[in-house]
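**Student:** any chance you can model this:
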Amino acid sequence: MARLVLVHGAFSGAWCWEPVIPGLEQAGHSVETLDLPGSGADRTPAGEVTLDAYAQRVCDVLAAGAPAVLVGHSMGGMVVTQAAARMPEQVSALVYLCAFVPVDGESLLVLTARPEAADDQIQANLTVSGDPPLAELSPQAAQLAIYGMCTEEQFQWALKHRRPQPVAPFNNPFELDPAKAEAFAALPRSYITCLQDRSIPPGMQRYMFTRAGADPVIELDSDHAPYLSHTAETVSALDALAQP
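**Tutor:** Prediction:
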């Protein structure tokens, strides 16, 4: 079975994967999660948080074991793409879970400015303050944009773990190393698209997974937090996509 490295999205941490870990391990996979710099329990100062720092953290995890199926959720799609481009020899496949999929030179904010992303309720409800700037979502906005199909208990569990998000990684573009471009391009890519997503609208997900040539694409009738609201379905999809 596969080594799975799961990478969380914005405002989040390794905690978000806790519901899916037992099912994936029961299916025979080894599962590793991590807190990106400045997220979860990690206390990296916000001024040091960049897409490059995120990717390096993932590369450090990848380097410690066999080639892994690298899974990114939401903003984590930016991170796994950058990490895989830097260390393709340590990646057996890329899996995007309602996640951003950039091409060379694209940042997350470039992607969210596309017309397909017009109904993005995260960008519509963000408040940004401080120096270095931090983004926040009110509890009401987070429930609307991310946790719309979760139970109240699930939502409250997530809410107590969430932290403000450094803004810098949103602006940092994905950069492809020409020396590793061929190996990176050869990596298998698949996508789990969430049809009730109000963070990355389904049309935007379709634009990205089509452009990336993701195959297969699995549909979940889920919000942007399928690891919570549709745990069993998420485990089943990840298990299927992790098969050699």
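**Student:** can you give me the helices for the chain?
**Tutor:** With helices called from DSSP state H, the chain shows them at 21-26, 51-62, 76-86, 108-112, 121-125, 139-145, 152-161, 168-171, 181-185, 202-212, 226-229, 231-242.
**Student:** would CSV of the ones you listed with distance to residue 6 and mean pLDDT be doable?
**Tutor:** Glycine gets a C-beta too; all of them are placed from N, C-alpha and C. As requested, the helices of the chain are exported to CSV (distance: least, CB to CB, whole Å; pLDDT from 0 to 100):
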stretch, distance to residue 6, mean pLDDT
helix 21-26, 8, 98
helix 51-62, 10, 98
helix 76-86, 8, 98
helix 108-112, 19, 98
helix 121-125, 20, 96
helix 139-145, 21, 97
helix 152-161, 15, 98
helix 168-171, 18, 98
helix 181-185, 20, 98
helix 202-212, 19, 98
helix 226-229, 9, 98
helix 231-242, 8, 98
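**Student:** as JSON lines, those with mean neighbour count would be great.
**Tutor:** Formatted as JSON lines, those follow (neighbours: other CB atoms under 10 Å):
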{"stretch": "helix 21-26", "mean neighbour count": "16"}
{"stretch": "helix 51-62", "mean neighbour count": "20"}
{"stretch": "helix 76-86", "mean neighbour count": "26"}
{"stretch": "helix 108-112", "mean neighbour count": "19"}
{"stretch": "helix 121-125", "mean neighbour count": "18"}
{"stretch": "helix 139-145", "mean neighbour count": "17"}
{"stretch": "helix 152-161", "mean neighbour count": "14"}
{"stretch": "helix 168-171", "mean neighbour count": "20"}
{"stretch": "helix 181-185", "mean neighbour count": "14"}
{"stretch": "helix 202-212", "mean neighbour count": "18"}
{"stretch": "helix 226-229", "mean neighbour count": "25"}
{"stretch": "helix 231-242", "mean neighbour count": "20"}
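**Student:** closest one to residue 194 among those?
**Tutor:** helix 226-229 (5.6 Å; CB to CB).
**Student:** packing partners of that closest one?
**Tutor:** If you count contacts as 3 or more CB pairs under 8 Å, 6 or more residues apart in numbering; DSSP states H and E, helix 226-229 packs onto helix 152-161, helix 231-242.
**Student:** relative to residue 69, which of the ones you listed is closest?
**Tutor:** helix 231-242 (4.8 Å).
**Student:** tell me which residues are up against the closest one.
**Tutor:** With CB atoms under 8 Å, 6 or more residues apart in numbering as the test, helix 231-242 has contacts from 1-2, 4, 19-20, 23-24, 27, 29, 69, 71, 93, 95, 97, 190, 192, 216, 218, 220, 222, 226-227.
**Student:** ok so, going back, how about the helices and strands packed on helix 226-229 in JSON lines, adding distance to residue 206?
**Tutor:** Formatted as JSON lines, these follow (distance: least, CB to CB, whole Å):
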{"stretch": "helix 152-161", "distance to residue 206": "26"}
{"stretch": "helix 231-242", "distance to residue 206": "17"}
